[in-house]
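**Q** No sequence on hand, only this structure:
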């Protein structure tokens with residue numbers, strides 16, 4: 001019998017009497033390692049990194065210097081320990097058998113030399129050529145500046161064991177600047193760092209438009225043309241527009257919306273429970289048929305996202321998740337009883353200018369008058385924005401200096417996010433894929449002082465965080481992937497992941513711009529070498545406690561199934577699985593007990609989708625039950641009920657005691 005029960009694998013282990021949770025990541029529930037990391041005198045070292053060889057599975061020591069690494073595939077291992085101020089130490093090699101936890105202690109070494117630390121910095125420009133006279137400024141008991149030689153090299157000494165916060169590198173004209181944060185030079189150590197300065201547009205540079213970009217970058221432009229960025233704003237066309245021809249009626253939970261045409265214009269008739277009707281002419285869609293759409297309409301000088309959402313069918317699962325029109329954000333429109341909440345227009349802070357357009361267009365600035373957010377283009381266009389798409393300049397900065405030529409060096413005055421440091425590069429994505437609170441409460445990276453975010457800036461200089469989680473670390477609000485990544489092991493561990501490590505912003509053959517298919521675990525295991533199961537389905541099954549069937553339509557054995565449940569939504573919650581349409585980027589395994597706890601806290605047996613944390617089991621189990629025509633052997637049924645999540649939790653504990 002095909003067994004496809006609960007989901008998840010990594011857990012957190014708590015030592016008895018400890019208040020510190022030690023993160024555990026591993027490959028199989030077969031065996032594990034534990035031990036103590038000590039300094040040269042034998043005293044425990046807290047916060048030391050411990051890594052297995054082979055495999056690269058990591059853990060951090062607790063306050064007593066203890067670590068634990070669980071779920072290792074049987075084999076021979078040693079561990080290496082590292083901590084600031086000490087030389088690395090290695091344990092002996094020991095076999096790890098199934099069901100056994102082997103003790104391996106590590107003693108760190110003393111730093112052999114008291115020599116002064118040295119930092120060698122090599123600075124190049126956007127064209128890879130060394131920059132002479134680049135200024136390197138840092139705090140060393142006061143602001144200190146050093147300058148690069150003809151080879152673009154500067155040597156900074158006297159930074160023994162110091163963490164350099166705000167080391168700023170810029171060219172002589174200060175056109176290009178990089179900030180290196182948290183750069184550490186260990187005691188007695190020498191560190192070599194290469195810095196490539198990204199191009200920067202002048203502060204008053206304008207936008208040239210994507211048509212200028214594709215004249216030289218035609219291949220990239222063609223690939224970008226099929227991405228969701230290219231259809232972030234669309235006319236009333238495509239599959240979502242069919243509703244207007246069919247005069248479709250959508251139930252909004254009591255009130256309703258009827259699509260239609262009047263005098264050649266698309267309209268939506270909103271009707272409340274008392275029969276009152278308000279007709280809105282539709283100007284277009286926020287989004288489109290590629291990733292989903294919300295119609296928007298204009299009245300009294302502002303625009304408004306209507307309380308409707310079109311959800312596309314899920315690729316490969318059209319018979320299970322066919323998509324279509326459903327209720328959207330109805331909160332500004334109707335009371336809880338279903339009566340119109342507004343007179344004339346909804347509240348001004350829910351306008352499209354204040355809540356939507358800033359992340360769907362390119363080239364704008366905002367203004368606030370008497371609490372009402374307005375929008376205007378920042379260059380030639382007289383409309384609200386320069387481009388009604390997420391265009392090249394949204395990620396590369398204003399391009400007019402770059403495309404106009406003429407002045408020497410102007411060709412470099414455009415930002416390549418690949419030349420930015422990890423934080424700055426991810427901030428380029430985070431300007432829209434982050435839970436932000438900017439000026440006047442808008443969710444855009446904008447302030448009255450700095451105006452709109454430009455690539456190369458730091459989001460933290462413009463906005464605060466509006467991130468909200470479910471209490472277990474996973475996002476409860478949409479568009480918080482940037483926040484989750486920064487909080488995850490990918491953002492805080494030894495490797496700082498970039499969004500572009502997994503996603504191709506210029507377009508890809510796979511949904512969400514993924515560089516490999518979601519069901520292809522190579523996307524994860526190519527970096528998590530300890531989890532590189534290749535085509536070994538048995539090893540994958542041991543890790544997940546599920547059969548790994550990559551060539552079938554089942555969800556079994558996918559890394560993302562357990563580690564990236566849909567904890568938030570931008571359009572609608574699934575009526576079948578109660579999961580959201582945005583995958584969590586905390587990469588945590590969310591056990592069913594998290595969902596059960598939400599039911600218990602509310603004191604009810606049933607909760608609506610979107611009111612409790614999604615766990616790593618429910619979406620896969622809902623789909624697999626459909627795929628097996630009701631013959632799926634794992635727990636399934638109504639995912640809005642406590643009883644089903646309790647059944648999932650019981651199965652989960654049996655698999656991962």
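**A** Ah, there it is. Everything quoted here is computed from the prediction, not taken from an experiment.
**Q** So in this protein, where's the weakest helix or strand by average pLDDT?
**A** strand 12-14 (a mean of 27; mean pLDDT, DSSP states H and E).
**Q** which residues touch stretch 310-327?
**A** Applying Cβ atoms under 8 Å, 6 or more residues apart in numbering, the contact partners of stretch 310-327 are 239-240, 243, 248, 250-253, 285, 289-294, 307-309, 511, 553, 571-572, 574, 576, 581, 623, 626-627. To be clear about C-beta, it is placed using only N, CA and C from the backbone, and glycine gets the same treatment.
**Q** Are any of these buried, and if so which?
**A** For these, burial is judged from neighbour counts taken by 16 or more other Cβ atoms under 10 Å, and it is met by 240, 243, 248, 250, 252, 285, 289-294, 307-309, 571-572, 574, 576, 581, 623, 626-627.
**Q** Residue 487: how many residues sit nearby?
**A** 20 (other Cβ atoms under 10 Å).
**Q** and what of residue 80?
**A** Neighbouring residues of residue 80 were enumerated by other Cβ under 10 Å; the total is 15.
**Q** cool, and residue 447?
**A** Applying the criterion other Cβ under 10 Å, we find 17 residues in the vicinity of residue 447.
**Q** picking that back up, so which of the buried ones among the contacts of stretch 310-327 are in strands?
**A** Counted as lying in strands by DSSP state E, out of these, are 250, 285, 292, 293, 294, 308, 309.
**Q** Could you export these to a markdown table, including columns for distance to residue 167 and pLDDT?
**A** Conversion of those to a markdown table gives the following (distance: Cβ to Cβ, whole Å; pLDDT from 0 to 100):
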| residue | distance to residue 167 | pLDDT |
| --- | --- | --- |
| 250 | 55 | 98 |
| 285 | 45 | 98 |
| 292 | 42 | 94 |
| 293 | 45 | 97 |
| 294 | 44 | 98 |
| 308 | 50 | 97 |
| 309 | 46 | 97 |
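**Q** Which single one of the residues you listed is nearest to residue 557?
**A** For residue 557, the closest of these turns out to be residue 292, at 28.0 Å, with distances computed as Cβ to Cβ.
**Q** residues contacting the closest one?
**A** With contact set as Cβ under 8 Å, 6+ apart, residue 292 has these partners: 309, 310, 311, 312, 570, 571, 581.
**Q** In a markdown table: those, plus distance to residue 365.
**A** Formatted as a markdown table, the entries for the contacts of residue 292 read as follows, by distance: Cβ to Cβ, whole Å:
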| residue | distance to residue 365 |
| --- | --- |
| 309 | 28 |
| 310 | 30 |
| 311 | 32 |
| 312 | 32 |
| 570 | 25 |
| 571 | 28 |
| 581 | 31 |
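**Q** Name the nearest of those relative to residue 103.
**A** Using Cβ to Cβ, the contacts of residue 292 come closest to residue 103 at residue 581, 45.3 Å.
**Q** for the closest one, what are its contacts?
**A** The neighbours of residue 581, taking Cβ under 8 Å, 6+ apart as the test, are 292, 311, 566, 569, 570, 571, 572, 573, 574.
**Q** Repeat the analysis, applying 10 Å as the threshold.
**A** 291-292, 311-312, 314, 321, 478, 566, 568-574 (Cβ atoms under 10 Å, 6 or more residues apart in numbering).
**Q** buried stuff in stretch 276-290?
**A** Within stretch 276-290, the residues that count as buried by 16+ other Cβ under 10 Å are 280, 282, 283, 284, 285, 286, 287, 288, 289, 290.
**Q** Generate TSV for the residues you listed, with distance to residue 145 as supplementary columns.
**A** As requested, the buried residues of stretch 276-290 are arranged in TSV below (distance: Cβ to Cβ, whole Å):
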residue	distance to residue 145
280	59
282	57
283	53
284	51
285	52
286	47
287	48
288	50
289	54
290	49
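**Q** for the stretch 501-650 of the chain, what are the low-confidence residue spans?
**A** Confidence mapping of the stretch 501-650 of the chain against pLDDT under 70 gives the ranges 528-537, 539-541, 547-556.
**Q** Helices of that one, start to end?
**A** Defined through DSSP state H, counting those that start in this stretch, the helices belonging to the stretch 501-650 of the chain, from first to last, are 522-525, 537-544, 559-563, 592-602, 618-627, 642-655.
**Q** could you dump those to a markdown table with distance to residue 210?
**A** Output for the helices of the stretch 501-650 of the chain, formatted as a markdown table (distance: least, Cβ to Cβ, whole Å):
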| stretch | distance to residue 210 |
| --- | --- |
| helix 522-525 | 29 |
| helix 537-544 | 43 |
| helix 559-563 | 32 |
| helix 592-602 | 43 |
| helix 618-627 | 36 |
| helix 642-655 | 47 |
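**Q** of all these, which lies closest to residue 208?
**A** Distances from residue 208 to each of these were compared using Cβ to Cβ; the minimum, 34.8 Å, belongs to helix 522-525.
**Q** Please point out which parts of the closest one sit buried.
**A** The neighbour-count check on helix 522-525 (16+ other Cβ under 10 Å) flags 523, 524, 525 as buried.
**Q** and the nearest residue to the first one once chain neighbours are set aside, backbone torsions?
**A** Same thing as residue 523. The shortest distance from residue 523 to any residue other than its chain neighbours is 4.2 Å, reached at residue 516 (Cβ to Cβ, 6 or more residues apart in numbering). Phi and psi for residue 516, reported as degrees, to the nearest 10, are phi -140, psi 160.
**Q** quick one: residue 516 and residue 509 touch, right?
**A** Yes. If you go by Cβ atoms under 10 Å, residue 516 and residue 509 touch, sitting 9.5 Å apart.
**Q** Which of the two has more residues huddled nearby?
**A** In this comparison of residue 516 against residue 509, neighbours counted by other Cβ under 10 Å, the higher total goes to residue 516 at 15 against 12.
**Q** Next, the contact list for that one, please.
**A** Contact partners of residue 516, counting by Cβ under 10 Å, 6+ apart, are 502, 508, 509, 510, 522, 523, 524, 526.
**Q** roughly how far apart are the fourth one and residue 609?
**A** The one in question is residue 510. Applying Cβ to Cβ, to the nearest Å, one obtains 26 Å for the distance of residue 510 from residue 609.
**Q** can you check residue 341 too?
**A** In this structure, residue 341 and residue 609 are 23 Å apart, going by Cβ to Cβ.
**Q** Please name the residues that touch the residue located most distally from the centre of the chain.
**A** Most distant from the centre of the chain: residue 263, at 43.3 Å, with distances by Cα atoms, centre = their mean. Under the criterion of Cβ under 10 Å, 6+ apart, the neighbours of residue 263 are residue 281.
**Q** what about 6 Å?
**A** Neighbouring residues of residue 263 by Cβ atoms under 6 Å, 6 or more residues apart in numbering: there are none.
**Q** And it, how close does it get to residue 237?
**A** Distance from residue 263 to residue 237, counting by Cβ to Cβ: 18 Å.
**Q** can you check residue 45 too?
**A** Residue 45 sits 62 Å away from residue 237, taking Cβ to Cβ as the criterion.
**Q** domains of the chain?
**A** Each structural domain of the chain that the record assigns through automatic domain parsing is listed here as a residue range: 12-107, 118-196, 233-347, 520-655.
**Q** Point out the most buried one among the ones you listed.
**A** Per residue and on average, the most neighbours among those fall to domain 520-655, with a mean of 20 (mean count of other Cβ atoms under 10 Å).
**Q** any idea which of the ones in strands among the buried ones among the contacts of stretch 310-327 is closest to residue 158?
**A** If you rank those by distance to residue 158 using Cβ to Cβ, residue 292 comes first, at 55.7 Å.
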